[in-house]
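Asks: Provide a 3D model corresponding to the input given below.
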Amino acid sequence: MRLDKLLVELNIGTRSEVKALLKKGLIFVDGQKATKPETKVDENAVEISYQGKEYTYQKFSYYVMNKPKGLITATEDAHDRTVMDLFYEKCPDAPKGLAPVGRLDKDTTGLLLITNDGKLAHELLSPKKHVDKTYFVTLDGQLSAEDIAALEAGVRIGEGDLTEPATVKYEGGNTCYITIHEGKFHQVKRMFFAVGREVLELKRTSFGQLTLDEEDLPIGHINKLKCESFY
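Replies: This next block holds a predicted model:
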(Lines give C-alpha, C1' and ligand atoms only; values in the text may rest on other atoms or scores of the structure.)
Protein backbone atom coordinates (compact mmCIF):
# COMPACT_ATOMS: atom_id res chain seq x y z
CA MET A 1 0.00 0.00 0.00
CA ARG A 2 1.16 3.56 -0.68
CA LEU A 3 2.32 5.30 2.47
CA ASP A 4 0.02 8.30 2.05
CA LYS A 5 -3.00 6.02 1.56
CA LEU A 6 -2.10 4.08 4.72
CA LEU A 7 -1.72 7.29 6.72
CA VAL A 8 -5.19 8.39 5.60
CA GLU A 9 -6.66 5.01 6.56
CA LEU A 10 -5.00 5.34 9.97
CA ASN A 11 -6.96 8.60 10.34
CA ILE A 12 -3.81 10.70 10.68
CA GLY A 13 -5.14 13.20 8.16
CA THR A 14 -6.51 13.77 4.68
CA ARG A 15 -4.39 12.95 1.64
CA SER A 16 -3.18 16.57 1.39
CA GLU A 17 -2.58 16.80 5.14
CA VAL A 18 -0.47 13.65 5.33
CA LYS A 19 1.59 14.78 2.34
CA ALA A 20 2.33 18.00 4.20
CA LEU A 21 3.30 16.04 7.32
CA LEU A 22 5.63 13.85 5.26
CA LYS A 23 7.20 16.90 3.65
CA LYS A 24 7.90 18.29 7.13
CA GLY A 25 9.50 14.99 8.20
CA LEU A 26 6.95 14.38 10.98
CA ILE A 27 6.09 10.78 10.06
CA PHE A 28 8.32 7.87 11.05
CA VAL A 29 8.18 4.48 9.34
CA ASP A 30 9.92 1.61 11.15
CA GLY A 31 11.80 4.20 13.19
CA GLN A 32 13.04 6.15 10.18
CA LYS A 33 11.84 9.56 9.01
CA ALA A 34 9.69 9.18 5.88
CA THR A 35 9.15 11.94 3.32
CA LYS A 36 7.84 10.30 0.15
CA PRO A 37 4.05 9.71 -0.05
CA GLU A 38 4.44 7.17 -2.87
CA THR A 39 6.63 4.85 -0.74
CA LYS A 40 5.27 1.29 -0.77
CA VAL A 41 4.84 -0.33 2.65
CA ASP A 42 3.45 -3.58 4.01
CA GLU A 43 0.47 -2.25 5.94
CA ASN A 44 0.25 -5.42 8.03
CA ALA A 45 3.83 -5.24 9.29
CA VAL A 46 4.98 -1.62 9.15
CA GLU A 47 5.36 0.49 12.30
CA ILE A 48 4.07 4.05 11.93
CA SER A 49 4.59 6.81 14.48
CA TYR A 50 3.48 10.44 14.53
CA GLN A 51 3.87 12.90 17.40
CA GLY A 52 5.07 10.08 19.62
CA LYS A 53 1.99 7.92 19.01
CA GLU A 54 2.25 4.46 17.47
CA TYR A 55 -0.26 3.47 14.80
CA THR A 56 -1.14 -0.09 13.78
CA TYR A 57 -3.12 -0.88 10.66
CA GLN A 58 -6.16 -3.09 11.06
CA LYS A 59 -8.21 -3.91 7.98
CA PHE A 60 -11.43 -4.19 9.99
CA SER A 61 -12.39 -2.62 13.29
CA TYR A 62 -15.04 -3.79 15.75
CA TYR A 63 -16.72 -1.85 18.55
CA VAL A 64 -19.71 -2.38 20.82
CA MET A 65 -21.90 0.41 22.13
CA ASN A 66 -24.45 0.34 24.92
CA LYS A 67 -26.90 2.48 22.98
CA PRO A 68 -28.80 5.13 24.93
CA LYS A 69 -32.31 6.29 24.10
CA GLY A 70 -32.90 9.14 21.69
CA LEU A 71 -30.44 8.13 18.96
CA ILE A 72 -31.26 6.94 15.45
CA THR A 73 -29.38 3.79 14.44
CA ALA A 74 -27.92 5.14 11.21
CA THR A 75 -24.68 6.58 9.89
CA GLU A 76 -26.30 9.98 9.38
CA ASP A 77 -29.67 11.66 9.58
CA ALA A 78 -30.84 15.10 8.49
CA HIS A 79 -33.02 15.67 11.56
CA ASP A 80 -31.98 13.40 14.43
CA ARG A 81 -28.79 12.63 16.27
CA THR A 82 -27.39 9.21 15.33
CA VAL A 83 -25.41 6.51 17.07
CA MET A 84 -22.48 7.37 14.80
CA ASP A 85 -22.57 11.01 15.93
CA LEU A 86 -22.07 9.74 19.48
CA PHE A 87 -19.53 7.15 18.36
CA TYR A 88 -17.15 9.59 16.67
CA GLU A 89 -17.48 12.06 19.54
CA LYS A 90 -16.26 9.38 21.93
CA CYS A 91 -13.84 7.67 19.50
CA PRO A 92 -12.44 10.48 17.31
CA ASP A 93 -9.40 8.41 16.30
CA ALA A 94 -11.50 5.48 15.02
CA PRO A 95 -11.36 4.73 11.29
CA LYS A 96 -13.87 6.39 9.02
CA GLY A 97 -16.49 4.29 7.27
CA LEU A 98 -17.73 2.39 10.31
CA ALA A 99 -21.46 1.64 10.56
CA PRO A 100 -23.90 0.00 12.98
CA VAL A 101 -24.90 -3.60 12.30
CA GLY A 102 -28.67 -3.87 12.24
CA ARG A 103 -31.02 -1.35 13.74
CA LEU A 104 -32.26 -0.52 17.22
CA ASP A 105 -35.27 1.80 17.48
CA LYS A 106 -34.77 5.35 18.69
CA ASP A 107 -36.18 4.48 22.13
CA THR A 108 -34.48 1.07 22.37
CA THR A 109 -31.26 0.71 24.35
CA GLY A 110 -28.56 -1.92 24.62
CA LEU A 111 -25.96 -3.83 22.66
CA LEU A 112 -25.02 -2.46 19.24
CA LEU A 113 -22.13 -3.71 17.10
CA ILE A 114 -20.29 -1.12 14.99
CA THR A 115 -17.82 -2.21 12.31
CA ASN A 116 -16.52 -1.71 8.77
CA ASP A 117 -16.54 -5.46 8.12
CA GLY A 118 -19.34 -5.70 5.58
CA LYS A 119 -19.07 -9.47 5.20
CA LEU A 120 -19.51 -10.00 8.92
CA ALA A 121 -22.44 -7.59 9.03
CA HIS A 122 -24.14 -9.52 6.23
CA GLU A 123 -23.53 -12.84 7.98
CA LEU A 124 -24.94 -11.57 11.27
CA LEU A 125 -28.06 -10.10 9.68
CA SER A 126 -28.81 -12.90 7.20
CA PRO A 127 -32.05 -14.72 8.12
CA LYS A 128 -30.46 -17.96 6.88
CA LYS A 129 -27.80 -17.77 9.63
CA HIS A 130 -30.33 -17.71 12.49
CA VAL A 131 -28.19 -15.44 14.66
CA ASP A 132 -29.91 -15.01 18.02
CA LYS A 133 -30.78 -11.59 19.44
CA THR A 134 -32.02 -11.36 23.03
CA TYR A 135 -33.98 -8.45 24.48
CA PHE A 136 -35.02 -7.52 28.01
CA VAL A 137 -38.61 -6.33 27.79
CA THR A 138 -40.72 -4.28 30.21
CA LEU A 139 -44.43 -4.63 29.46
CA ASP A 140 -47.63 -2.90 30.47
CA GLY A 141 -48.84 -6.05 32.22
CA GLN A 142 -48.26 -9.71 32.88
CA LEU A 143 -47.96 -12.50 30.33
CA SER A 144 -50.19 -15.54 30.51
CA ALA A 145 -49.06 -19.06 29.75
CA GLU A 146 -51.05 -18.80 26.52
CA ASP A 147 -49.25 -15.58 25.58
CA ILE A 148 -45.86 -17.22 26.09
CA ALA A 149 -46.86 -20.29 24.10
CA ALA A 150 -48.05 -18.10 21.22
CA LEU A 151 -44.86 -16.01 21.19
CA GLU A 152 -42.69 -19.11 21.20
CA ALA A 153 -44.69 -20.81 18.44
CA GLY A 154 -44.94 -17.70 16.25
CA VAL A 155 -47.48 -14.90 15.91
CA ARG A 156 -48.87 -12.83 13.07
CA ILE A 157 -47.51 -9.28 12.93
CA GLY A 158 -49.11 -8.20 9.67
CA GLU A 159 -46.64 -9.70 7.21
CA GLY A 160 -48.40 -12.89 6.16
CA ASP A 161 -46.38 -15.72 7.70
CA LEU A 162 -46.02 -16.30 11.40
CA THR A 163 -42.86 -15.05 13.06
CA GLU A 164 -40.17 -17.69 13.51
CA PRO A 165 -40.23 -19.55 16.85
CA ALA A 166 -38.87 -17.48 19.75
CA THR A 167 -37.72 -18.25 23.28
CA VAL A 168 -39.32 -16.41 26.20
CA LYS A 169 -37.82 -16.41 29.68
CA TYR A 170 -40.51 -15.19 32.06
CA GLU A 171 -40.55 -15.34 35.83
CA GLY A 172 -43.66 -13.30 36.58
CA GLY A 173 -44.29 -9.60 36.87
CA ASN A 174 -44.16 -7.40 33.79
CA THR A 175 -40.65 -8.18 32.53
CA CYS A 176 -39.16 -10.98 30.47
CA TYR A 177 -36.39 -11.88 28.07
CA ILE A 178 -37.20 -12.81 24.49
CA THR A 179 -34.77 -14.31 21.97
CA ILE A 180 -35.44 -14.09 18.25
CA HIS A 181 -33.29 -14.54 15.17
CA GLU A 182 -35.26 -12.50 12.68
CA GLY A 183 -35.00 -8.74 12.28
CA LYS A 184 -38.30 -7.40 11.01
CA PHE A 185 -39.22 -3.74 11.54
CA HIS A 186 -40.23 -3.17 15.21
CA GLN A 187 -40.54 -6.95 15.46
CA VAL A 188 -40.40 -7.41 19.23
CA LYS A 189 -42.93 -4.65 19.87
CA ARG A 190 -45.25 -6.05 17.20
CA MET A 191 -44.96 -9.58 18.59
CA PHE A 192 -46.04 -8.49 22.06
CA PHE A 193 -48.79 -6.32 20.57
CA ALA A 194 -50.07 -9.49 18.86
CA VAL A 195 -50.72 -11.03 22.29
CA GLY A 196 -52.29 -7.89 23.70
CA ARG A 197 -49.29 -6.38 25.50
CA GLU A 198 -47.52 -3.05 24.98
CA VAL A 199 -43.73 -2.78 25.25
CA LEU A 200 -42.77 0.05 27.61
CA GLU A 201 -38.99 -0.48 27.63
CA LEU A 202 -36.77 -2.54 25.33
CA LYS A 203 -33.07 -3.33 25.73
CA ARG A 204 -30.96 -5.68 23.63
CA THR A 205 -28.77 -7.80 25.90
CA SER A 206 -27.08 -10.11 23.41
CA PHE A 207 -26.36 -10.44 19.70
CA GLY A 208 -24.86 -13.73 18.54
CA GLN A 209 -21.97 -14.46 20.88
CA LEU A 210 -21.79 -10.87 22.14
CA THR A 211 -23.35 -10.25 25.54
CA LEU A 212 -23.97 -6.89 27.19
CA ASP A 213 -22.04 -6.44 30.45
CA GLU A 214 -23.41 -3.21 31.90
CA GLU A 215 -20.68 -2.99 34.53
CA ASP A 216 -18.01 -3.06 31.83
CA LEU A 217 -20.10 -1.10 29.31
CA PRO A 218 -22.45 1.45 30.96
CA ILE A 219 -25.16 3.14 28.93
CA GLY A 220 -23.69 5.45 26.29
CA HIS A 221 -20.21 3.89 26.48
CA ILE A 222 -18.22 2.17 23.72
CA ASN A 223 -15.60 -0.59 23.87
CA LYS A 224 -13.28 -1.75 21.12
CA LEU A 225 -13.33 -5.49 20.52
CA LYS A 226 -10.21 -7.57 20.07
CA CYS A 227 -12.02 -10.70 18.96
CA GLU A 228 -13.87 -11.08 15.66
CA SER A 229 -15.60 -14.38 16.46
CA PHE A 230 -19.17 -13.20 16.91
CA TYR A 231 -21.15 -16.26 15.90
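
Asks: Every contact and neighbour count from this point should use C-alpha atoms.
Replies: Fine.

Asks: how about the strands of the chain, start to end?
Replies: Counting by DSSP state E, the segments of the chain that form strands are 27-29, 32-34, 48-50, 53-55, 62-67, 99-100, 109-115, 133-139, 167-170, 175-180, 199-207, 210-211, 222-224.

Asks: which stretches of the chain have low pLDDT?
Replies: Screening the chain residue by residue with the criterion pLDDT under 70, one finds the ranges 227-231.

Asks: Contacts only, for L202.
Replies: Counting by CA atoms under 8 Å, 6 or more residues apart in numbering, L202 touches 107-109, 135-138.

Asks: Which among the residues you listed count as buried?
Replies: 108-109, 135-138 (16 or more other CA atoms under 10 Å).

Asks: now these as CSV including distance to E123?
Replies: Output for those, formatted as CSV (distance: CA to CA, whole Å):
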residue, distance to E123
T108, 23
T109, 23
Y135, 20
F136, 24
V137, 26
T138, 29
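
Asks: right, and the pair among those with maximum separation?
Replies: Based on CA to CA, the longest span within the buried ones among the contacts of L202 runs between T109 and T138 and measures 12.2 Å.

Asks: excluding its backbone neighbours, what's nearest E123?
Replies: Excluding its sequence neighbours, the residue lying closest to E123 (CA to CA, 6 or more residues apart in numbering) is K129, at 6.7 Å.

Asks: In this model H122 seems to touch the one you found, though I could be wrong.
Replies: No. Under the criterion of CA atoms under 8 Å, K129 makes no contact with H122, lying 9.6 Å away.

Asks: if I look at D161, how far off is V155?
Replies: Computed with CA to CA, to the nearest Å, the distance linking D161 and V155 is 8 Å.

Asks: which of those two has more neighbours?
Replies: The residue with more neighbours, out of D161 and V155, is V155; 23 against 10, by other CA atoms under 10 Å.

Asks: How much space separates that one from E146?
Replies: According to CA to CA, V155 and E146 sit 12 Å apart.

Asks: re earlier: quick check, nearest of the contacts of L202 to G31?
Replies: Checking these against G31 by CA to CA gives T109 as the nearest, at 44.6 Å.

Asks: Please list all residues in contact with the closest one.
Replies: Taking CA under 8 Å, 6+ apart, we find T109 in contact with 66-69, 202-204.

Asks: Return the member of those residues nearest to E54.
Replies: Within these, proximity to E54 (CA to CA) peaks at N66, which comes in at 28.0 Å.

Asks: from memory the closest one sits against L111, does it?
Replies: Yes. Counting by CA under 8 Å, N66 touches L111, with 5.0 Å between them.

Asks: Overlap in contacts, those two.
Replies: Common neighbours of N66 and L111, using CA under 8 Å, 6+ apart, are L212.

Asks: who's more crowded, the two?
Replies: For N66 versus L111, the count of surrounding residues by other CA under 10 Å is larger for L111: 28 against 23.

Asks: Can you check which of the strands of the chain gets nearest to L10?
Replies: Each of the strands of the chain was checked against L10 via CA to CA, and the shortest separation belongs to strand 53-55, namely 7.0 Å.
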